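**Student:** only geometry, no sequence info:
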């Protein structure tokens, strides 16, 4: 229903992670009827919109009014806040039915951060993919067998949701800007380096993805384990973060030093 691509996800015992891509071009290409039909899958809409959906004739004033309302709906259908609202509501209702209880399910609002470039996107995709391994929900030798926990007692009253999204023009329409097999190999080998109680070791045959992204392997392993704790709202190379701050009118961004150290290509 939404103009959002889910690039990656991880369902944990009491929270989940999503990596989302906003496809503004796709939403802009929808005709008004498609916008109305998509919105009606979420809610009833207006009486005027229902008449339009049933192919009833509208006069010029009514059509102009509906066009204005449909543009509001179009903007909502590519908005992460509206997406999370409907997604979390559906999950909460289902969870309450399963647990045979009522009341609030989620602990609070979702947290979102902007992935500004390929370096941040690659690092966070790996972080999400290795989440079950760090939580000991999967065997590090067989990451593909990861499965979410169904322990209702752990999730009750502590459920949380987190999303990451990208608005970078460099990856519009291409949620994963590198070859999928290369990304999988890199994440799998990174998972083998995450050993409890031991320092990570570097695989001597890392795929060329890290070379192309110009990320130091040791910084890559550090990000695999500490990504969320080091960054808050904006993530990417220092240049990308500073450009975003300038556009947003911000004078400072939390974690800019870590962006310089871990996600910025070395100076030439």
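**Tutor:** Looks like it arrived, so ask away. Remember, it's a predicted structure, so these values are computed and weren't measured experimentally. Numbering: from 1, shown residues only.

**Student:** Residues contacting stretch 258-268, please?
**Tutor:** Residues from elsewhere that reach stretch 258-268 (C-beta atoms under 8 Å, 6 or more residues apart in numbering): 117, 119-120, 123, 214-216, 219, 222-223, 230-231, 235-241, 253. The C-beta positions use only the backbone N, C-alpha and C, and glycine is treated the same way.

**Student:** Okay, buried residues for it please.
**Tutor:** 258, 259, 262, 263, 264 (16 or more other C-beta atoms under 10 Å).

**Student:** Then stretch 34-41?
**Tutor:** Neighbour-count burial for stretch 34-41 [16+ other C-beta under 10 Å]: 35, 36, 37, 38, 39, 40.

**Student:** what's the closest of the buried residues of stretch 258-268 to residue 102?
**Tutor:** residue 258 (42.3 Å; C-beta to C-beta).

**Student:** Assumed the closest one was part of a strand.
**Tutor:** No: using DSSP: H, G, I helix; E, B strand; the rest coil, the secondary structure at residue 258 is helix, not a strand.

**Student:** quick one: it from residue 238, how far?
**Tutor:** Taking C-beta to C-beta, to the nearest Å as the measure, residue 258 falls 10 Å from residue 238.

**Student:** so where do the helices sit in the stretch 1-150 of the chain?
**Tutor:** 24-28, 32-40, 47-53, 60-76, 80-99, 118-129, 131-134 (DSSP state H, counting those that start in this stretch).

**Student:** so what are the domain limits for the protein?
**Tutor:** Following automatic domain parsing, one gets these domains for the chain: 4-23+79-263, 26-76.

**Student:** Quick one: end-to-end distance for the shortest one.
**Tutor:** Put plainly, it is domain 26-76. One end of domain 26-76 sits 13 Å from the other (C-alpha to C-alpha, to the nearest Å).

**Student:** Would you mind listing the buried residues in whichever strand or helix holds residue 224?
**Tutor:** Assigned by DSSP states H and E, residue 224 falls within helix 217-230. The neighbour-count check on helix 217-230 (16+ other C-beta under 10 Å) flags 217, 219, 220, 221, 222, 223, 224, 227, 228, 230 as buried.

**Student:** Measure how it sits relative to helix 118-129, angle-wise.
**Tutor:** Orientation of helix 217-230 against helix 118-129 (axes from the mean of the first three to the mean of the last three C-alpha atoms, to 10 degrees) gives an angle of 70 degrees.

**Student:** Which elements pack onto the following helix or strand past helix 217-230?
**Tutor:** Going down the chain from helix 217-230, the next helix or strand is strand 234-235, by DSSP H and E. Counting contacts by 3 or more C-beta pairs under 8 Å, 6 or more residues apart in numbering; DSSP states H and E, strand 234-235 is packed against strand 111-115, helix 118-129, helix 238-248.

**Student:** Which neighbouring elements make contact with the second one?
**Tutor:** Which is helix 118-129. strand 4-11, strand 15-22, strand 160-166, helix 180-193, helix 209-213, helix 217-230, strand 234-235.

**Student:** let's go with 7 Å and repeat that
**Tutor:** Packing contacts for helix 118-129, counted by 3 or more C-beta pairs under 7 Å, 6 or more residues apart in numbering; DSSP states H and E, involve strand 4-11, strand 15-22, helix 180-193, helix 209-213, helix 217-230.
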